[in-house]
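# sequence and predicted structure below; questions after.
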Amino acid sequence: MVPISEVGSLAVGVGWCSACIAYLLRGRRTAVHAALAVVGVVVGAGIVLMKVWPTVPGSFTGVEWLAFVTWCVLGFTFWLGRLSFQNGAAPSD
């Protein structure tokens with residue numbers, strides 16, 4: 001379970017960082033909200049770097065990288081299946 005939760009922490013960092021970047025790119029914001037979003041980008045990027053930088057204690061081990069790659073392949077497979085389903089190739093009954 002530890003490798004799965006570690007991959008989850010990486011996903012949270014990526015999601016948090018990308019949400020804050022999207023907010024900044026949106027355009028309509030106050031200075032306070034923009035500053036908070038910048039802090040969110042820094043924290044999210046820090047979480048990601050902690051997981052992928054090999055010399056940082058708590059970074060991904062080989063098993064965690066395997067869990068990450070497996071999760072990505074599984075997600076990509078489902079995404080490809082969704083595309084073929086949208087193009088009219090309904091699953092056979």
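Received it, and whenever you're ready, just let me know what you need.
# host element of V63?
Counting by DSSP states H and E, the element that carries V63 is helix 62-86.
# so what's the closest residue to S18 other than its chain neighbours up against?
Spatially, and ignoring its direct neighbours in sequence, S18 is nearest to G44 (7.6 Å; C-beta to C-beta, 6 or more residues apart in numbering). C-beta here means a position set from N, CA and C on the backbone, and glycine is covered the same way. Contact partners of G44, counting by C-beta atoms under 8 Å, 6 or more residues apart in numbering, are 13-18, 20.
# equivalent analysis for A67, please.
Contact analysis of A67 by C-beta under 8 Å, 6+ apart lists 3-4, 6-7.
# rerun that using 6 Å as the cut-off
Contact analysis of A67 by C-beta atoms under 6 Å, 6 or more residues apart in numbering lists 3-4, 7.
# select from the residues you listed the one having the most neighbours.
When neighbours are taken as other C-beta atoms under 10 Å, the top entry among those is V7 (21 neighbours).
# stretch 48-61 spans what distance, first to last residue?
14 Å (C-alpha to C-alpha, to the nearest Å).
# helices of the protein, start to end?
Assigned helices in the chain, in chain order: 2-26, 31-52, 62-86 (criterion: DSSP state H).
# so can I have TSV of those showing mean pLDDT?
Output for the helices of the chain, formatted as TSV (pLDDT from 0 to 100):
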stretch	mean pLDDT
helix 2-26	92
helix 31-52	95
helix 62-86	89
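# buried set for the helix holding V63?
Neighbour-count burial for helix 62-86 flags 64-65, 67-68, 71 (criterion: 16 or more other C-beta atoms under 10 Å).
# equivalent analysis for stretch 44-51, please.
44-45, 47-48, 50-51.
# what of stretch 10-26?
Here stretch 10-26 shows 10, 13, 16-17, 20-21, 23 as buried, counting by 16+ other C-beta under 10 Å.
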